[in-house]
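Colleague: Sequence first, predicted coordinates after that:
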Amino acid sequence: MSDRLVALALLAVTGILFWQTFLFRRPPFAAFESFDAATFPRILLALLALLGLALLVRPSGPVRPRVTRQGMRRWIERYRLPLIGLGLFAVYALVMPQIGWTAATVGYLVAMQLAILPRRGVRDLALVIGGSVVFTVVLAAGFERFLHVVLPRPELF
Amino acid sequence: MDPLLAGLGAFMDPTVFVSTLIGIVAGIVVGLIPGFTVTMGVILVLPFTFGMTPLQGIATMMGVAVGGASGGLISACLIGIPGTPSAVATTFDGFPMARKGEPGRALGLGTWASLFGGLIGWVVLAIATPPLAEFGLKFGPWELFALVAFSITMIASLSGDSLVKGLIAGLLGMLLATVGLDPVLNIPRFSFGNADVEAGFDFLPVLIGLFGFSQLMTDLEKREDDSGRVSLSLKDIRIPHLQVLRDIWRSKVVLLWSSIVGAWIGVVPAAGGSIANVLAYDQAKKVSRHREKFGTGHYEGIIASEAGNNSVGAGDLVPMLALGIPGDAVTAVMLGALLIHGVQPGPQLLTNPATSPLAWGVIAGYLVATILTLAIQFWGMNLFARLVFVPYHVLVPGILVLSGLGAFVLNNRVFDILVTLGFGVLGYWLVKHGFGLPPFVIGFLLGPLAEINLRRAMQTDPSLLRFVDRPISALLLGLAVLSIAYYFWVGYRRIRGGPPPAAAEAAPGVG
């Protein structure tokens, strides 16, 4: 994404949020406050919009980068692992309340390691699963026993 | 002197001492693994400090910071990849020296230089902090607002290629800090009716997401796995201490000057170790009589870089302890930790009898941590050297789990893990588009301070002229303008074809 596209996105977001500041509740006792809850965010949004304009007019790449099949493939190849990493973490956080911290963590560790690991044999798989279980159990015991943290319990079972 | 001795005494408490030791070992390990920054290490140990006293918690984090600053040199020397950004310049001479068959000498030079740099930085910390805190007591809301403005502009102009992007990152951080309840009237802002968002974003999940996730995703993108690392024979790393100390004695001017440069950079809010080590290296080249040998495995290059990046840590603590303004991302985390422990940072931290022992404990602790780092690093050098080769497919998922756990522990809410993920995506996006993360974090941390002081100032006197007719406030705002002007001046010189700034000039082979 070129700087100009980033600037356009920034201008759009600041515009929406600026409009949002007019929806902030204004209690009657604060009616005569010159500097209310919306003032500071508005100052920041105005400055951000100004800087967004500066970014927009600055010399930069093309507004609409050419999308080719090869370029797309290269993009996917480059960002495959970060996207898998973020996606798996999102699934991990979302299923955690349902299946509990321990099961979610073991599942996440196994899935993530298999995604990164260059070669996968039976021995690798066994090491990954074994290592993930040991790591999770040690971590859970450490936090629950010594730091007295109650980790999420499963709601489903 | 008495408060310093009392601080040293507090640090000798067995629990504090052991916490520091553990922190140092963790710091060295984090520092030596390429791709894992010291900031990430400090963030990861933060949840473990919740059950500790404030001094014990800060001691642990300081151990990580000091150990990490030194640990970066191990991978820089052995595989030519800096363990942390603050060890970049160490690779220029450390790696060539190791490849010439002297890895022990390279590691010894770096470790001893780290000690001396840290000690010189500590002297600056101990001398400069108390008067600065006394000075900070004179600050009213106008000065405090101006100080935040100065910090944001400084970090924006120093931490990236583009001032505009730096300022945008800083202001975005400040804007996201306004999400939740307004600090004066308790009015919800940008919460969109969500009760969790109404409570605002806690500092820790934001920080873990920004630094931890963005770094790990960048590593995954580069696939810095086992295949890319060129190793040296690690059969027997022996450090020739006598030769190393002789080298250091011959380079005393370089060592002293690099350390002073590093400490000074630390005192300036925003400029961190990555700038300090390159600038110290560049300065060393200028004062050295063997300028042409830099970049070929010359001992002065390693000494300058490591002295510079270790003294900067002490300098970073000066504005944090004296004014409550973090010098870099690591001290920003420490500042957040103090807040979590219920300690309000600022000039009162050092001058209030109730909190002064803690502040002096931190100052004394830096000295203890610096000395301990030397001992631990030499003792475990062979083991640490092997850790450089731990595979990424084991490290990355484990650290991501620890990051999620760290975010969860703060409030026992899964929502905080989602906040971590959200800020992780934002952080990664910002990094990919050239926006610096340090301005964002400093903006997020100092945003509430700026808002509350601006409101207080406007309630006291609605005239904006008060910001310029009060000398300290006017000076700070003037410095903010100057930092922006400096950025444009550097850009102008670059366009005119003049000499590039020091950081660019420092790379070996140039000049």
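Modeller: Perfect, thanks for sending it.

Colleague: From here on, just use CA atoms for contacts and neighbour counts.
Modeller: Will do.

Colleague: hey, which helix is longest across chain A?
Modeller: If each helix of chain A is counted by residues according to DSSP state H, the longest one is helix A:69-99.

Colleague: Can you give me the buried ones in it?
Modeller: Applying a neighbour-count criterion of 16 or more other C-alpha atoms under 10 Å in any protein chain shown, one finds A:79, A:81-86, A:88-90, A:92-94, A:96-99 buried in helix A:69-99.

Colleague: For chain B, tell me which of those show up nearby.
Modeller: Intersecting these with the surroundings of chain B, defined as C-alpha under 8 Å from any C-alpha of the partner chain, gives A:79, A:81-82, A:85-86, A:89-90, A:93, A:96-97.

Colleague: Which of these sits closest to chain B?
Modeller: residue A:82 (4.9 Å; C-alpha to the nearest C-alpha).

Colleague: Contact partners for that closest one?
Modeller: Remark: with contacts taken as C-alpha atoms under 8 Å, 6 or more residues apart in numbering or on different chains, residue A:82 is in contact with B:217-218, B:220-221.

Colleague: Give the closest residue to residue 143 in space, chain neighbours not counted.
Modeller: Picking chain A for this. Distance criterion C-alpha to C-alpha, 6 or more residues apart in numbering or on different chains; nearest residue to residue A:143, sequence neighbours excluded, is residue A:149 at 5.6 Å.

Colleague: Actually, chain B is the one I wanted.
Modeller: For residue B:143, ignoring the flanking residues on the chain, the nearest one in space by C-alpha to C-alpha, 6+ apart is residue B:473 at 4.4 Å.

Colleague: what's the distance between the one you found and chain A?
Modeller: Computed with C-alpha to the nearest C-alpha, to the nearest Å, the distance linking residue B:473 and chain A is 19 Å.

Colleague: Repeat that for residue B:337.
Modeller: As it turns out, when the distance is counted by C-alpha to the nearest C-alpha, residue B:337 lies 17 Å from chain A.

Colleague: number of nearby residues for that residue?
Modeller: 23 (other C-alpha atoms under 10 Å in any protein chain shown).

Colleague: That one: what secondary structure?
Modeller: In the three-state summary, residue B:337 is assigned as helix, counting by DSSP: H, G, I helix; E, B strand; the rest coil.

Colleague: Double-check it against residue B:46; I have them as touching.
Modeller: Yes. The pair formed by residue B:337 and residue B:46 meets the contact definition of C-alpha atoms under 8 Å, at 7.0 Å.

Colleague: list residues touching both of those two?
Modeller: What both residue B:337 and residue B:46 touch, as defined by C-alpha under 8 Å, 6+ apart, is the set residue B:57.

Colleague: Could you point out which residue ranges in the stretch 401-511 of chain B have low pLDDT?
Modeller: Screening the stretch 401-511 of chain B residue by residue with the criterion pLDDT under 70, one finds the ranges B:497-511.

Colleague: For it, what lies in contact range of chain A?
Modeller: With C-alpha under 8 Å from any C-alpha as the criterion, the stretch 401-511 of chain B meets chain A at residues B:401, B:409, B:412, B:414, B:417-418, B:421, B:425, B:433, B:451, B:455, B:458-459.

Colleague: and if we set it to 7 Å?
Modeller: Within the stretch 401-511 of chain B, the positions lying close to chain A (C-alpha under 7 Å from any C-alpha of the partner chain) are B:409, B:414, B:417-418, B:451, B:455.

Colleague: between those residues, which is nearest residue B:355?
Modeller: Set against residue B:355, the nearest of those by C-alpha to C-alpha is residue B:451 (25.1 Å).

Colleague: quick one: contacts for the closest one?
Modeller: Under the criterion of C-alpha atoms under 7 Å, 6 or more residues apart in numbering or on different chains, the contact partners of residue B:451 comprise residue A:40.

Colleague: Confirm it sits in a helix?
Modeller: Yes. Judged by three-state DSSP, residue B:451 forms part of a helix.

Colleague: okay, residue A:59: pLDDT?
Modeller: As predicted, residue A:59 sits at a pLDDT of 63.

Colleague: now swap in residue B:342 and tell me
Modeller: Confidence per residue is given as pLDDT, and for residue B:342 that number is 81.

Colleague: Ok, residue B:256 next?
Modeller: Residue B:256 is given a pLDDT of 92.

Colleague: how near is residue B:6 to residue B:446?
Modeller: The spacing between residue B:6 and residue B:446, counted by C-alpha to C-alpha, to the nearest Å, is 31 Å.

Colleague: out of the two, which sits in the more crowded spot?
Modeller: Relative neighbour count places residue B:446 above the other of residue B:6 and residue B:446, with 25 against 16, counting by other C-alpha under 10 Å.

Colleague: ok and the residue in chain B nearest chain A?
Modeller: Chain B approaches chain A most closely through residue B:217 (4.9 Å), counting by C-alpha to the nearest C-alpha.

Colleague: and the residue lying closest to that residue once chain neighbours are set aside, how far is that from residue B:215?
Modeller: The shortest distance from residue B:217 to any non-neighbouring residue, by C-alpha to C-alpha, 6+ apart, is to residue A:82 (4.9 Å). Applying C-alpha to C-alpha, the value for residue A:82 to residue B:215 is 10 Å.
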